[in-house]
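Asks: I would like to see how this sequence folds:
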Amino acid sequence: MYGGVFKLGSGLVTAAGPLVVLGAMDVAGWTGWLLIGGVFVVAAVISRPVIRWAERTRPKSMEGENDSDKNSTAARTAGSR
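Replies: Numbering: from 1, shown residues only. Here you go, the predicted model:
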């Protein structure tokens, strides 16, 4: 179900990513580099809270479906503390 959405996103990034980066560099020069760097910094900073929110708001019906996935998530979370 989510495989199609994932492939759509990765395909869009593959197609549009170079165009966006080149366009930003061509139009804005050093400002474009700073803008792209800022996007990466913001993505890195918000990734952990977004992942925690997603795990916290996960529907109850999905929690028991794959115990190995739940155990691996718990192991990763415990290892990062």
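
Asks: Could you list the low-confidence segments of the protein?
Replies: Along the chain, segments meeting pLDDT under 70 span 1-2, 62-81.

Asks: can you give me the helices in it?
Replies: 3-28, 30-56, 60-63, 67-79 (DSSP state H).

Asks: List the buried residues in the first one.
Replies: Using 16 or more other CB atoms under 10 Å as the burial criterion, the residues of helix 3-28 that qualify are Ala24. Glycine gets a C-beta too; all of them are placed from N, C-alpha and C.

Asks: what angle do that helix and helix 30-56 make?
Replies: 160 degrees (axes from the mean of the first three to the mean of the last three CA atoms, to 10 degrees).

Asks: what distance separates helix 3-28 from the middle of the whole chain?
Replies: 14 Å (CA atoms, centre = their mean, to the nearest Å).

Asks: try the longest one
Replies: On the basis of CA atoms, centre = their mean, the separation between the geometric centre of helix 30-56 and that of its chain is 8 Å.

Asks: Which secondary structure elements does it sit against?
Replies: helix 3-28 (3 or more CB pairs under 8 Å, 6 or more residues apart in numbering; DSSP states H and E).

Asks: What is the helix it packs on packed up against?
Replies: helix 30-56.

Asks: Fine by me, we can end here.
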